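> the sequence and its predicted three-dimensional model are supplied below.
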Amino acid sequence: MIDLIQDHNRKRSIKMDIDAGRYHVRTEQNVDRLLDANRAAANEYRKGGLIGDTQRHMQHVAEIPGDLYFQWVRDYGEPRQNPSKWKQLLNDSNNAYLRTGGGRI
């Protein structure tokens, strides 16, 4: 396994392996801080918190690590191209750690 990029500031690494003439690239990213922030935001969420607030027409619903986002884009297309699949992914209980609020999308 060859280290291509080791970014200590972003806690991310990209490694490459060559096996039988095939290249395998693996990206690793530490997302502990992002998941902690998601958990804190989800804990602060209050149902009905936007009622009467006419200035907030959009609500932050999720924070997705970059590597996972680009994998989903590759697999399912951009969110605006396939909104039903992205809603399904973000509403899935297995992906609850990505959500920053309650309810469903």
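Nice, thanks for sending it over.
> which residues touch residue 12?
5, 27-30, 67 (Cβ atoms under 8 Å, 6 or more residues apart in numbering). Heads up, the C-betas are built off the backbone N, CA and C, glycines and all.
> try it again at 10 Å.
When contacts are counted by Cβ atoms under 10 Å, 6 or more residues apart in numbering, residue 12 touches 5-6, 27-31, 65-67.
> over to residue 17. Which of the three states is it?
Recorded secondary structure, residue 17: strand (DSSP: H, G, I helix; E, B strand; the rest coil).
> what residue is smack in the middle of the chain?
In the chain, the residue lying closest to the centroid (Cα atoms, centre = their mean) is residue 64, at 1.4 Å.
> so that residue touches residue 89, yeah?
Yes - using Cβ atoms under 10 Å, residue 64 is in contact with residue 89, at 9.1 Å.
> what sits in contact with each of the two?
Residues touching both residue 64 and residue 89 (Cβ under 10 Å, 6+ apart) are 72, 79, 95, 98.
> out of these, who's nearest residue 11?
Nearest to residue 11 out of those is residue 98 (Cβ to Cβ; 18.0 Å).
> so who does that closest one touch?
By Cβ under 10 Å, 6+ apart, the contact list for residue 98 reads 31, 34-35, 38, 42, 61-65, 68-69, 89-90, 92.
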